[in-house]
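> just coords:
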């Protein structure tokens, strides 16, 4: 079995009126980092494990 190493994942949500880019997950130096997309922050969305917008 072979695997493909993924180093970058774009994170998006579909709120029913279209897909919104949330941010990016990146693996660098064996660490995982997340960065919010600027437009997502400016729209004022907040993510919660208990309640989604």
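Received the coordinates, thanks. As the structure is a prediction and not an experimental result, all values here were calculated from the model.
> quickly list what the closest residue to residue 33 other than its chain neighbours is bridged to.
In this structure, residue 33 finds its nearest non-sequential neighbour in residue 26, 5.0 Å apart by Cβ to Cβ, 6 or more residues apart in numbering. All C-beta atoms are positioned from the backbone trio N, CA, C, and that covers glycine. Per DSSP bridges, the residues bridged to residue 26 are residue 8, residue 33.
> which ones are touching residue 26?
By Cβ atoms under 8 Å, 6 or more residues apart in numbering, residue 26 lies in contact with 7, 8, 9, 32, 33, 34, 35.
> and the least confident of the residues you listed?
Within those, pLDDT reaches its minimum at residue 7, with 89.
> isn't that one right up against residue 25?
No - using Cβ atoms under 8 Å, residue 7 is not in contact with residue 25; the gap is 9.4 Å.
> strands of this structure, residue ranges please.
Under the criterion DSSP state E, the chain contains strands at 8-14, 19-28, 31-36.
> want to throw these into JSON lines with distance to residue 44?
Converted to JSON lines, the strands of the chain look like this (distance: least, Cβ to Cβ, whole Å):
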{"stretch": "strand 8-14", "distance to residue 44": "14"}
{"stretch": "strand 19-28", "distance to residue 44": "12"}
{"stretch": "strand 31-36", "distance to residue 44": "12"}
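> closest to residue 45 out of those?
Among the strands of the chain, strand 19-28 comes nearest to residue 45, with 7.2 Å by Cβ to Cβ.
> buried set for the closest one?
20, 22, 23 (16 or more other Cβ atoms under 10 Å).
> chain center to that strand: distance?
Strand 19-28 has its C-alpha centroid displaced from the chain centroid by 3 Å (Cα atoms, centre = their mean, to the nearest Å).
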